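Colleague: Below are the sequence and a predicted model for it; my questions follow.
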Amino acid sequence: MSEALLDVASRARGLLATGERLRILPSGTIVRAAVWDALPLAARRRREGAMRRDVLREREAVSQREAAKRAAKVAARVEALPPMPRKLRPKPRARQGNSHFVGPGKFYADWNEFDADLDKWEDERAARMRLMAKRHKAQQRVFEAKHPGKR
């Protein structure tokens with residue numbers, strides 16, 4: 001509420017005489033302007049400075065409480081971060097250079113066995129990709145919790 005509105009409201013209630021004014025100090029305290037102006041300038045400045053410091057201390061305390069709440073949220077989300085999935089095994093290969101891995105006495109007995117292993121590897125790869133996508137989303141949530149307003 002501004003000082004002008006406060007004066008109008010107070011006059012309407014009969015609390016202020018004609019020509020009297022109220023003043024709102026930085027702390028929110030309401031005083032009669034005549035009383036405030038009667039104080040020496042140094043005393044007024046000291047009181048305004050003290051009130052301003054009190055307001056700043058209160059704002060700092062509020063911001064520290066909010067930061068502590070955000071830190072608790074972030075800590076909870078970091079704990080909920082899924083672990084890194086295990087490393088994917090190398091992709092099965094039918095040959096490497098001049099060496100063939102398919103055939104009697106080799107790594108794969110026949111092409112059907114190789115194809116089955118290749119299909120199994122592709123399934124493992126797809127599952128790992130899903131886990132990595134889930135982990136990436138969780139990391140994004142943690143980042144957004146740590147840095148609100150970015151992006």
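Modeller: Done, it's in.
Colleague: what pLDDT, on average, does the strand or helix carrying residue 122 get?
Modeller: Using DSSP states H and E, residue 122 sits in helix 111-146. Here helix 111-146 scores 90 as its mean pLDDT.
Colleague: For it, which helices and strands make contact with it?
Modeller: helix 41-79 (3 or more Cβ pairs under 8 Å, 6 or more residues apart in numbering; DSSP states H and E). Every residue, glycine included, has its C-beta placed from N, CA and C.
Colleague: Which other helices and strands does the helix it packs on contact?
Modeller: Judged by 3+ Cβ pairs under 8 Å, 6+ apart, the packing partners of helix 41-79 are helix 111-146.
Colleague: Counting neighbours, which bits of the helix it packs on end up buried?
Modeller: 114, 141, 142, 145 (16 or more other Cβ atoms under 10 Å).
Colleague: Quick one: work out the angle between that helix and helix 41-79.
Modeller: With axes from the mean of the first three to the mean of the last three Cα atoms, to 10 degrees defining the directions, helix 111-146 sits at 170 degrees from helix 41-79.
Colleague: Could you measure from residue 103 over to residue 121?
Modeller: Residue 103 sits 20 Å away from residue 121, going by Cβ to Cβ, to the nearest Å.
Colleague: Over to residue 133?
Modeller: For residue 133, the distance to residue 121 equals 19 Å [Cβ to Cβ].
Colleague: Give me the distance between the two termini of stretch 85-95.
Modeller: Start-to-end span of stretch 85-95 (Cα to Cα, to the nearest Å) is 28 Å.
Colleague: rewinding a little: switch the buried residues of helix 111-146 over to CSV, and while doing so, append distance to residue 89 to every line.
Modeller: Listed next are the buried residues of helix 111-146 as CSV, based on distance: Cβ to Cβ, whole Å:
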residue, distance to residue 89
114, 15
141, 30
142, 29
145, 35
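Colleague: Out of those, which comes closest to residue 68?
Modeller: Nearest to residue 68 among the buried residues of helix 111-146 is residue 145, at 13.4 Å by Cβ to Cβ.
Colleague: From residue 122, how far off is the closest one?
Modeller: The spacing between residue 145 and residue 122, counted by Cβ to Cβ, is 35 Å.
Colleague: same deal with residue 132?
Modeller: The value you get for residue 132 to residue 122, if Cβ to Cβ is used, is 15 Å.
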